[in-house]
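>>> A predicted structure for the sequence below; I have some questions about it.
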Protein chains: 2
Amino acid sequence: MVQYQPALDSAFGALADPTRRGVLARLGRSDAAIGELARSFRMTLTGMQKHVRVLEDAGLVATKKVGRERRCTLGPRRLDEATAWIEDYRRTVEARLDRLEAFLERTKEEK
Amino acid sequence: MVQYQPALDSAFGALADPTRRGVLARLGRSDAAIGELARSFRMTLTGMQKHVRVLEDAGLVATKKVGRERRCTLGPRRLDEATAWIEDYRRTVEARLDRLEAFLERTKEEK
DNA sequence: CTGATACTGAACCATGTGGTTCAGTATATC
DNA sequence: GATATACTGAACCACATGGTTCAGTATCAG
């Protein structure tokens, strides 16, 4: 591990699992208790609990105990850093392609 | 695992590690052999080899054997799916916030 | 040809991940 | 109060991850 950006680590890490992306999509429609999510995704409550924990640690989900349920909603993190990172990357790739193109153009002229 | 989108899994998974994000940034400046990358990031060749393999599997890096070196360049995948996923998500969050706002507005009027 | 350099592959290690079961505790319902 | 429901936490499991070392093989330089 060389450069720490824990927000990016946890955000990308959370998004790397299809169940967790599914949970985010599900919570986009409406909030839900852990038990409901577990049933939707056909896994044990305890299993879903762990996914929710990962999403919560990444700031992508917020939870609150209501009666005997724990209600989950989409959390405060908007993935701005993640988007920004990818955008930066995209620009780098494009700059690199541009340089390559310029190089090819130059060598063509030299022929 | 519930909905398979292996491209997203591997892309987000690859980006979840700071060393690998660093390697992508480094390759954005110029291509490099595995050995150079290993030295830059102060790890063994074998260690770096594994990171490069992960990036290559995700389509983010391409490699080619040149003499005794293996040269690494930024690969074909442009992270379009990843960006698209995040964008979708952002829209969902915003729609949800809009609904919440509308609800608050309505209940305010009812007062 | 010899030696140094660059990589490859296998084996190992500690820790993390994605799940499970099982034994609690807390809350709701009758 | 008894029973069912919802969660929590600990323990376990198989497998993946992020590293290492070590023993090769391939290539370059003299």
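Everything's here; your move.
>>> Show me what from chain A comes close to chain B.
A:1-5, A:8-9, A:12-13, A:15-19, A:21-22, A:24-25, A:28, A:41-42, A:74, A:78-79, A:82-83, A:85-87, A:89-90, A:92-93, A:95-96 (C-beta under 8 Å from any C-beta of the partner chain). Where C-beta positions appear, they are placed from N, C-alpha and C, glycine not excepted.
>>> buried residues in stretch A:69-85?
Applying a neighbour-count criterion of 16 or more other C-beta atoms under 10 Å in any protein chain shown, one finds A:R70, A:C72, A:L74, A:G75, A:R77, A:R78, A:L79, A:A82, A:T83, A:W85 buried in stretch A:69-85.
>>> With secondary structure added, can I get those in TSV?
TSV is the format used below for the buried residues of stretch A:69-85 (DSSP: H, G, I helix; E, B strand; the rest coil):
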residue	secondary structure
A:R70	strand
A:C72	strand
A:L74	strand
A:G75	coil
A:R77	coil
A:R78	coil
A:L79	coil
A:A82	helix
A:T83	helix
A:W85	helix
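>>> Among these, find me the one that's closest to B:Q49.
A:W85 (24.1 Å; C-beta to C-beta).
>>> what about stretch A:33-50, distance to the chain center?
19 Å (C-alpha atoms, centre = their mean, to the nearest Å).
>>> so what's the spatially most central residue of chain A scoring on pLDDT?
Taking C-alpha atoms, centre = their mean, the centroid of chain A lies closest to A:L15, which sits 3.5 Å from it. Note on A:L15: pLDDT of 96.
>>> ok, the nearest residue to it once chain neighbours are set aside - how many residues close by?
Leaving aside its sequence neighbours, A:L15 sits nearest to B:F12 (C-beta to C-beta, 6 or more residues apart in numbering or on different chains; 4.3 Å). Applying other C-beta atoms under 10 Å in any protein chain shown, we find 27 residues neighbouring B:F12.
>>> DNA strand C contacts on chain A?
Contact residues, chain A versus DNA strand C (C-beta under 7 Å from any atom of the strand): A:13, A:16-17, A:19, A:43-44, A:46-47, A:50-51, A:54, A:67-68.
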